[in-house]
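Asker: Next comes the sequence, and after it the predicted model I'd like to discuss.
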Amino acid sequence: MTYGKDKKQVEALQNIDLKIESGEFFSIVGPSGCGKTTVVKLIAGLLRPTSGKIEIDGNSVQEARRNREFGFVFQTPALLPWRNVAQNVLLPLEVIGQNTEPNRKKAMDLLDFMGLSKFLGSYPSALSGGMQQRVSIARSLAFSAKYLLMDEPFGALDAMTRTKMGYELLRIWSQVKRTVVFVTHDIPEAVLLSDRIAIMSERPGKIVDILGVNLPRPRSTESQNDPSFSAHIRTVRKHFGLA
Amino acid sequence: MLILWQFFTTFFKVPQYLLPSPTATISALATKWPAFSTELIYTLEEIGIGFVLGTVVAFALAVFIASSPLLPKILYPVIVAVQVIPKIALAPVFLVWFGYGEVPITLITALICFFPVLVNSIKGLVTLDQSIVDLMSSLSATRRQVFLKVQLPNCIPYLFASLKVAMTFAIIGAIVGEWIGGSSHGVGYLMLVYSSNFDTAPLFAGILLITLVGIALFAITALFEKLAAPWAESVELTFST
């Protein structure tokens, strides 16, 4: 994907030029309000760039969106309160007209893998924030989307739940192997999860550096003790004047 | 409160024609039951038809307005402004247009039910969680899918909350309609007759009867709400009489 664009009268983004490889875990890190969300929304075709171009495997984002190639996870779980867990996870299949028995079975297996099978009949309001976000992630993976776009998915969770969810995401990702674009302002989280990290600055949002993370996979709690883990964090922090 | 009321009326020997005791009221309801039950049918009919008419038209109009992205923005302030007009004040106009009898009374009842349902249904259809809207759009959902899977269920708690309000309004509409509509039927009419005869105990019995009917109808609506929206917490309403 290559693009560079701005938005509305205010120039929100400038010279965003990046190429995300298929199957990679790509994070975008930056301070609040730097336009990270705008970038993922542009990729998903939820916003249109005023200038510049985004290509998904040679197609326009609108084509990719019509082909239902994007699974989206928002900062809020965005679950439909009138649907129980199972119904929420099946929503994309219904919308794209693929609510078939084998697909439902796959979705249920995924819920099982994510430890949600006990809550199939629960309404979202009965679940904790972490559980709700888990359901939201399951929903984004429950259909054949190639790309998983995550906009600060753990931003509303407490620190402990957040760390657990990070490992949980790695575990799921190693199974489903999708291209992930992950937005966060949490530097250690980005380092732990990603193959590469784009570092953004504020107003207008610009990509100041792209950093490869060469921590060995599979990553676990052990990865945090790896000296290169803290080295990577320091490198990112320097860009924000924090180290 | 009933005990206080009973005590007050007996102890101070309040004349029956001013304030009948609770026991006198209840016994009046029993003795006048044949008259009340006959007239109650008329009143319930006005409430029922008026309520259904007013709410169905209001909801249909709300769906139409909410189906366009611009209409709610343009019309909502107008509708809220119109709400300030006390609908019951339009009753004399309805008499001019539709004559006397049950028709204008039913229409007044319908009108009074109309606005709370219209305003709150529009609100329920357009007040969506932006992330859910984005989610549907990231899936290239059609407008029909967004309406059926998001807007409509989102509206149900608003709709039922407004139906509860409309139901209590409908009773006011029917009774007041009977008073000013020169009706010769209905509980409201009967109360006027008792009132002009200083027959206060049955008059109070009428108030009691209407209150009980109100509680029952409200409870039925609330029950339907529980069945239709088991997930819902209460929503904030916009309404005025």
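Answerer: All right, it came through fine. Numbering: from 1, shown residues only, chains lettered A, B, ... in the order given.
Asker: Where does the residue most central in space within chain A sit: helix, strand or coil?
Answerer: Centroid-nearest residue in chain A: residue A:150, 1.9 Å away (criterion: Cα atoms, centre = their mean). Judged by DSSP: H, G, I helix; E, B strand; the rest coil, the three-state class of residue A:150 is strand.
Asker: Burial check on the residue in chain B positioned nearest to chain A, number of neighbours?
Answerer: Residue nearest to chain A within chain B: residue B:131 (3.6 Å; Cβ to the nearest Cβ). Backbone N, C-alpha and C define where each C-beta goes, glycine included. Residue B:131 has 18 neighbours, counted by other Cβ atoms under 10 Å in any protein chain shown.
Asker: rewinding a little: what's near enough to touch the residue nearest to the centre of chain A?
Answerer: Going by Cβ atoms under 8 Å, 6 or more residues apart in numbering or on different chains, residue A:150 touches A:40, A:72-73, A:137, A:140, A:180-183.
Asker: of all those, which comes closest to chain B?
Answerer: Nearest to chain B among the contacts of residue A:150: residue A:72, at 4.4 Å, using Cβ to the nearest Cβ.
Asker: Please list all residues in contact with the closest one.
Answerer: If you count contacts by Cβ under 8 Å, 6+ apart, residue A:72 has them with A:44, A:140, A:149-151, B:134-135, B:138.
Asker: any idea how far chain B is from residue A:134?
Answerer: Noted for residue A:134: a distance of 16 Å to chain B, by Cβ to the nearest Cβ, to the nearest Å.
Asker: residue contacts, the spatially closest residue to that residue that is not a sequence neighbour?
Answerer: On the basis of Cβ to Cβ, 6 or more residues apart in numbering or on different chains, the spatially nearest residue to residue A:134 that is not a chain neighbour turns out to be residue A:114, at 5.7 Å. Residue A:114 makes contact with A:134, A:137-138, A:168, A:172, according to Cβ under 8 Å, 6+ apart.
Asker: what's the most distant pair in those?
Answerer: Spatial extent of the contacts of residue A:114 (Cβ to Cβ) is set by the pair A:138 and A:168 at 10.9 Å.
Asker: out of these two, which sits in the busier spot?
Answerer: More crowded of residue A:138 and residue A:168, by other Cβ under 10 Å: residue A:138, with 24 against 18.
Asker: what's the spacing between the more buried one and residue A:83?
Answerer: Counting by Cβ to Cβ, to the nearest Å, the separation of residue A:138 from residue A:83 is 13 Å.
Asker: Kindly report the same for residue A:160.
Answerer: With distances taken as Cβ to Cβ, residue A:160 is found 28 Å from residue A:83.
Asker: So between these two, which is more surrounded?
Answerer: Higher neighbour count among residue A:160 and residue A:83: residue A:83, with 17 against 9, using other Cβ under 10 Å.
Asker: Spell out whether the helix or strand hosting residue B:107 and chain A are in contact.
Answerer: Following DSSP states H and E, the helix or strand that holds residue B:107 is helix B:102-126. No. Applying Cβ under 8 Å from any Cβ of the partner chain, one finds helix B:102-126 separated from chain A by no less than 11.9 Å.
Asker: Please list the residues of chain A that sit near chain B.
Answerer: Residues of chain A lying near chain B (Cβ under 8 Å from any Cβ): A:41, A:44-46, A:65-66, A:68, A:70, A:72, A:74-76, A:78, A:80-82, A:91-92, A:94-96, A:123, A:125, A:149.
Asker: Show me the helices in chain B, by range?
Answerer: Here chain B has its helices, by DSSP state H, at B:2-11, B:22-31, B:33-66, B:71-83, B:91-98, B:102-126, B:130-138, B:143-146, B:152-180, B:187-196, B:200-228.
Asker: mind listing what's buried in the third one?
Answerer: It stands for helix B:33-66. Buried residues in helix B:33-66, counted by 16 or more other Cβ atoms under 10 Å in any protein chain shown: B:36, B:39-40, B:42-47, B:49-51, B:53-55, B:57-59, B:61-63, B:65-66.
Asker: ok, now the second one?
Answerer: Residues of helix B:22-31 classed as buried under the neighbour-count rule (16+ other Cβ under 10 Å) are B:22, B:24-26, B:28-29.
Asker: Any idea which residue of chain A lies closest to chain B?
Answerer: Closest to chain B within chain A is residue A:78: 3.6 Å, counting by Cβ to the nearest Cβ.
Asker: Any idea how many residues pack against that residue?
Answerer: Counted with other Cβ under 10 Å, residue A:78 comes out at 22.
Asker: List the contacts of it.
Answerer: Residue A:78 makes contact with A:136, B:129, B:131-132, B:134-135, according to Cβ under 8 Å, 6+ apart.
Asker: Recalculate using a threshold of 7 Å.
Answerer: Neighbouring residues of residue A:78 by Cβ atoms under 7 Å, 6 or more residues apart in numbering or on different chains: A:136, B:129, B:131-132, B:135.
Asker: so which of these is the most crowded?
Answerer: The contacts of residue A:78, ranked by neighbours (other Cβ under 10 Å): first place residue B:135, 27 neighbours.
Asker: Please report phi then psi for the residue nearest to that residue when sequence neighbours are not counted.
Answerer: Leaving aside its sequence neighbours, residue B:135 sits nearest to residue A:78 (Cβ to Cβ, 6+ apart; 5.4 Å). As for residue A:78, its main-chain torsions (degrees, to the nearest 10) stand at phi 50, psi 40.
Asker: Using CSV, write out every CA atom in the helix or strand that contains residue A:102.
Answerer: Per DSSP H and E, residue A:102 falls inside helix A:101-113. Extracted C-alpha coordinates of helix A:101-113, given in CSV (Å, rounded to 0.1, in the frame of the first residue of the first chain):
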residue,chain,number,x,y,z
GLU,A,101,-23.3,-24.1,8.2
PRO,A,102,-19.5,-24.7,7.5
ASN,A,103,-18.8,-21.0,8.1
ARG,A,104,-20.9,-20.9,11.3
LYS,A,105,-19.0,-24.0,12.4
LYS,A,106,-15.7,-22.2,11.8
ALA,A,107,-16.9,-19.2,13.7
MET,A,108,-17.9,-21.3,16.7
ASP,A,109,-14.5,-23.1,16.6
LEU,A,110,-12.9,-19.7,16.7
LEU,A,111,-15.0,-18.7,19.7
ASP,A,112,-14.0,-22.0,21.4
PHE,A,113,-10.3,-21.3,20.6
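Asker: No further questions, thank you.
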